[in-house]
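Enquirer: Next input, structure requested:
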Amino acid sequence: MKKIIALIITLSLSLYAKRDLHIFDVDNTNGSITPATIAKAFSQNGISVALNNDMTTPFKKQFQKSDFKIFTLMTIYEPKLDDKLVKKYPHAGIFIPKGIGIYQHNDENTLHVSVLTSDAEAKIIGIDNNDILKSIESKVLKSLQAALPNAKQRLSEDSLKEHRDLVTVYEYDLDGADWEDAKGEIEMNLEGAFAPRGFIMPASMDYDADIFQEDGSENPFDFYETYSICKLPVIYTVAKSRPEASAFAPCTTIVYKKKDEDKIVIGFPAVYNWMSSAKVQDKEAQEVLMKAQKDFEAILKEVTE
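Expert: Model prediction:
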């Protein structure tokens, strides 16, 4: 019954079309604003940077060109607030770390930064927006305003209505088996299945090491890990028409076990979020996104059967 209720909540929330992305536009004619200066502003505001990956070099290497002088995928996390969030809503780990898209076309002087709104994150997780999500959003926006003092801040276009599940989740029932053995096997199989299907895992995070706060509260998990996953052709193709979708890349995949449950949960934000929130309507972009969704689902089915 709980699974059915969660599904209904996710679907009903996803029907509403809103403006899902904060977008900053700032003059960068002299090139003084860089992903490094943006990362520094986050760090100064108590936000950790997990990834700061330049994609223009990989684009040129694999596709022989890049439409961008700057195209960076950054991921960030705020340990204290993220700890509170994931303890209350385990599936919220799909935004720990969360993505920041930074891009500037070859033929323009304006640099752009995109990040999801707290309303959009709540919609995707399947919960009501709350003080924790809003506090994280406030710190992120404050950091970006400090890094981009003369930027114009706006919201993206209205998102497309979406009826499909916004988070794809699989469960592995342990049936009393040792969870540590199962964890090792699942993670080995996951990592082994990514590369053959073209997925790259640039980073991973461990809840105990990176997020959990020694504040007297109990750790509700036997383990909780997240993997940053991306697929270069997807990012490259979608960026041609909707570079703001870079806020979704790399995709954060969660793998965890709660202490009071006899199962391991694996989940990731579905590509339908890219299509809806970033209003991806280009046919080629939709095709690569749907292929990535099917490939990822196939991997998770394999490791949980």
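
Enquirer: Would you map the helices across this structure?
Expert: 2-14, 35-44, 56-63, 79-88, 118-125, 131-147, 179-194, 232-241, 272-277, 283-304 (DSSP state H).

Enquirer: quick one: which of the ones you listed has the weakest pLDDT on average?
Expert: With a mean of 36, helix 2-14 has the lowest mean pLDDT of those.

Enquirer: hmm, back to that, out of the helices of the chain, nearest to residue 247?
Expert: Ranking the helices of the chain by distance to residue 247, with C-beta to C-beta as the measure, places helix 272-277 first at 8.0 Å. Every C-beta, even on glycine, is put in place using the N, C-alpha and C of the backbone.

Enquirer: helices or strands next to that closest one in the packing?
Expert: Using 3 or more C-beta pairs under 8 Å, 6 or more residues apart in numbering; DSSP states H and E as the contact test, the elements touching helix 272-277 are helix 283-304.

Enquirer: Okay, residue 41 and residue 74: tell me how far apart.
Expert: Computed with C-beta to C-beta, to the nearest Å, the distance linking residue 41 and residue 74 is 11 Å.

Enquirer: what does residue 228 give?
Expert: For residue 228, the distance to residue 74 (C-beta to C-beta) stands at 11 Å.

Enquirer: what about stretch 100-113, how long is it end to end?
Expert: Taking C-alpha to C-alpha, to the nearest Å, the first and last residues of stretch 100-113 lie 7 Å apart.

Enquirer: Check stretch 22-34 too.
Expert: Terminal residues of stretch 22-34 are spaced 18 Å apart (C-alpha to C-alpha).

Enquirer: where does that stretch sit relative to the chain's centre, distance-wise?
Expert: Centroid separation between stretch 22-34 and its chain, computed with C-alpha atoms, centre = their mean, to the nearest Å, is 23 Å.

Enquirer: Between residue 41 and residue 74, which is the more surrounded one?
Expert: Taking residue 41 and residue 74 together and counting by other C-beta atoms under 10 Å, residue 74 has the greater number of neighbours (23 against 17).

Enquirer: if we can go back for a sec, who touches both of residue 228 and residue 74?
Expert: In terms of C-beta atoms under 8 Å, 6 or more residues apart in numbering, residue 228 and residue 74 are both contacted by the residues residue 51.

Enquirer: For the closest residue to residue 254 other than its chain neighbours, which residues are in contact?
Expert: Closest residue in space to residue 254, ignoring its immediate chain neighbours: residue 93 at 4.1 Å, by C-beta to C-beta, 6 or more residues apart in numbering. If a contact means C-beta under 8 Å, 6+ apart, then residue 93 has 86, 207, 224, 226, 252, 254, 256 as its contacts.

Enquirer: tell me which of these is nearest to residue 64?
Expert: Closest approach between the contacts of residue 93 and residue 64, by C-beta to C-beta: residue 252, at 29.6 Å.

Enquirer: So that closest one sits against residue 91, correct?
Expert: No - between residue 252 and residue 91 no contact is recorded; they are 11.0 Å apart, counting by C-beta atoms under 8 Å.

Enquirer: who has more neighbours, those two?
Expert: Taking residue 252 and residue 91 together and counting by other C-beta under 10 Å, residue 252 has the greater number of neighbours (26 against 20).

Enquirer: I'd like to know how far the residue of the chain positioned farthest from its centre sits from residue 303.
Expert: In terms of distance from the mean C-alpha position of the chain, residue 176 ranks first, at 32.0 Å (C-alpha atoms, centre = their mean). If you measure residue 176 against residue 303 using C-beta to C-beta, the figure is 19 Å.

Enquirer: cool, residue 222 as well?
Expert: Between residue 222 and residue 303 the computed distance is 18 Å (C-beta to C-beta).

Enquirer: Looking at these two, which is more packed in?
Expert: More neighbours sit around residue 303 than around the other of residue 222 and residue 303, counting by other C-beta under 10 Å; the figures are 20 against 15.

Enquirer: Spatially nearest residue to that one, not counting backbone neighbours?
Expert: Here the nearest residue to residue 303 in space, its sequence neighbours aside, is residue 189; by C-beta to C-beta, 6+ apart that works out to 4.4 Å.

Enquirer: Count the residues that sit near that neighbour.
Expert: Summarising burial for residue 189: neighbours were counted as other C-beta under 10 Å, giving 15.

Enquirer: Would you confirm that it contacts residue 301?
Expert: No - counting by C-beta under 8 Å, residue 189 does not reach residue 301; the two are 11.2 Å apart.
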